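*Asks:* model the structure of this input:
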Amino acid sequence: MTILSSTCSLPTAEEVALARESGRALSAYLQTGAETQQIEILDDKGAAHPVRVPVSALRLLVDVLTRIGEGSAVSITPIHAELTTQDAADVLNVSRPFLVQLLECGEIPFHKIGTHRRVRYQDVIAYKDRIDAQRSKALDALAEQAQELQMGYE
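*Replies:* As a prediction, this is how the structure comes out:
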């Protein structure tokens, strides 16, 4: 599978509208309970070519179309992909030097290929999930404390 560059451009207004329309049309076929669906692709001469697609791939396509329909650029990364430190930093929305600090202090596992660090995508996502959970817990504690102190947040 190809990893699309994070520098992909935002969709045009026409692409957004088309993604919304096609995403809605395809999502209706996810409810059937079938393991596969058949779609037709038209070639440049208008001839239809049937293609069987696993529903899991169709579900992913609907998710991609939904994001594009919201005006977002989309990239797809395989779960077992190895990322450069810059790619991993981009996923976490942090600087590369900060990510390197996280790697060196053992927060995220990595390995080296020569002098270059590589990080598994699933390890980056696991770190992100862990940090997000800690932040949510801290925010809940702050909100509870603010209510106990009657700070006007109700």
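*Asks:* right, and the helix or strand after the helix or strand of the chain with the lowest mean pLDDT?
*Replies:* Counting by mean pLDDT, DSSP states H and E, the chain has its least confident helix or strand at strand 36-42, which shows a mean of 89. Following strand 36-42 in sequence order, the next helix or strand is strand 48-54 (DSSP states H and E).
*Asks:* next, the angle from the helix or strand that that next one is followed by to strand 36-42.
*Replies:* Next along the chain after strand 48-54, taking DSSP H and E as the criterion, comes helix 55-69. Using axes from the mean of the first three to the mean of the last three CA atoms, to 10 degrees, the inter-axis angle of helix 55-69 relative to strand 36-42 is 50 degrees.
*Asks:* name the next helix or strand downstream of helix 55-69, please.
*Replies:* strand 82-83.
*Asks:* who's in contact with that following strand?
*Replies:* With CB atoms under 8 Å, 6 or more residues apart in numbering as the test, strand 82-83 has contacts from Thr77, Val91, Arg118, Val119, Arg120, Tyr121, Val124. Quick note: C-beta positions are derived from backbone N, CA and C, even for glycine.
*Asks:* which residues touch the next helix or strand after that strand?
*Replies:* Counting by DSSP H and E, the next helix or strand C-terminal to strand 82-83 is helix 85-92. With CB under 8 Å, 6+ apart as the contact definition, helix 85-92 has outside contacts at 3, 6, 83, 95-96, 98-100, 103, 108, 117, 119, 121, 124-125, 127-128.
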